[in-house]
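A.B. asks: need a 3D model of the sequence below.
(4 chains)
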There are 2 protein chains.
Amino acid sequence: MVVEKDNELWADRAFHALSDATRRDMMTRCVRNSPSISTLALAYPMSFAAVQKHVTVLERAGLVSKQRRGREQLVVAERSGLRRASELLGEFEQLWRGRLDRFDDLLQSDTESGH
Amino acid sequence: MVVEKDNELWADRAFHALSDATRRDMMTRCVRNSPSISTLALAYPMSFAAVQKHVTVLERAGLVSKQRRGREQLVVAERSGLRRASELLGEFEQLWRGRLDRFDDLLQSDTESGH
DNA sequence: GTAACGTACAACTAAATGGTTGTAGAAAAA
DNA sequence: TTTTTCTACAACCATTTAGTTGTACGTTAC
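C.D. replies: You can find the predicted model right below:
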């Protein structure tokens, strides 16, 4: 119910966050480095504010979190977020398995009934 | 180079397609059933045309394909598409592995150098 | 043959997205 | 202390998105 709703909302945000090449690149940099926002910003041909917004999108999707260090804010990748997204895709593949299994069952019962 | 560009473009489309709860639900239905577009449309509180557009988004992302049967068009889920998306997320997790390995190496060399 | 069904597609609207510039404050450096 | 750096956030703009209705056309059913 409510949990489902939340899950869907989270999935919306996570996949949306991953649907942009810049943000995906940011993810790889954050996994490796946990750079500050301004360091991150140096890597892209856009304003600091734009980069800041991208980070916010990733953050609200639970894919990164911000960690203050003095006047700068380090962007650290959240493994749990990526994991959760992976698992969601896994559920789809599981559905396929289920379908194939049912198909196998059908063949099985068909054989057993002697056709 | 070009391949990379294409890959990024595909990833954009795939994750964007998955970033909508309606489309994710459509995917599960297509995995199970391969329903026609109009059958699919019965399941959602929106116009046929809207559903048609969602299917197009999934199709352009390589997550489903359409297969004509008489006057109707069956929507069949494409396992390869889902697989490819899964693999992409897998690469991120792999990055983490890489980082942890480097960390281990660091510890290793630190120990070896006798501190 | 005619009516009904399933699809395709164009044109339109409202809202969200990705970018910009500008302002302001807190921390570090000079 | 003054200046610079890093961050936050508001306001604005152009484009895309998700939805709508309406029209047109091939296929199936009567």
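
A.B. asks: quick one: name the residues of chain A near DNA strand D.
C.D. replies: A:36-39, A:41, A:48-49, A:52, A:66, A:71-74 (Cβ under 7 Å from any atom of the strand). Placement of C-beta: from N, CA and C, glycine included.

A.B. asks: next up, phi/psi of A:Leu42, please.
C.D. replies: When read as degrees, to the nearest 10, the backbone of A:Leu42 gives phi -60, psi -20.

A.B. asks: how many residues are close by it?
C.D. replies: 10 (other Cβ atoms under 10 Å in any protein chain shown).

A.B. asks: got a PyMOL select line for the buried ones in the residues of chain A next to DNA strand D?
C.D. replies: Of the residues of chain A next to DNA strand D, the buried ones go into a single PyMOL selection, burial set by 16 or more other Cβ atoms under 10 Å in any protein chain shown:
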select buried, chain A and resi 36+37+41+66+73+74
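
A.B. asks: now intersect the residues of chain A next to DNA strand D with the strands, please.
C.D. replies: Among the residues of chain A next to DNA strand D, the ones falling in strands (DSSP state E) are A:66, A:72-74.

A.B. asks: distance of A:His54 relative to A:Leu18?
C.D. replies: 12 Å (Cβ to Cβ, to the nearest Å).

A.B. asks: comparing those two, which residue is more hemmed in?
C.D. replies: A:Leu18 (29 against 22).

A.B. asks: residues in contact with that one?
C.D. replies: By Cβ atoms under 8 Å, 6 or more residues apart in numbering or on different chains, A:Leu18 lies in contact with A:24, A:27, A:61, A:63, A:85, B:11, B:15, B:19, B:89.

A.B. asks: output those residues in CSV; the columns should cover neighbour count, secondary structure and pLDDT.
C.D. replies: Below are the contacts of A:Leu18 laid out as CSV (neighbours: other Cβ atoms under 10 Å in any protein chain shown; DSSP: H, G, I helix; E, B strand; the rest coil; pLDDT from 0 to 100):
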residue, neighbour count, secondary structure, pLDDT
A:Arg24, 20, helix, 98
A:Met27, 22, helix, 97
A:Ala61, 23, coil, 98
A:Leu63, 27, coil, 98
A:Ala85, 26, helix, 95
B:Ala11, 19, helix, 97
B:Phe15, 23, helix, 98
B:Ser19, 20, coil, 98
B:Leu89, 19, helix, 93
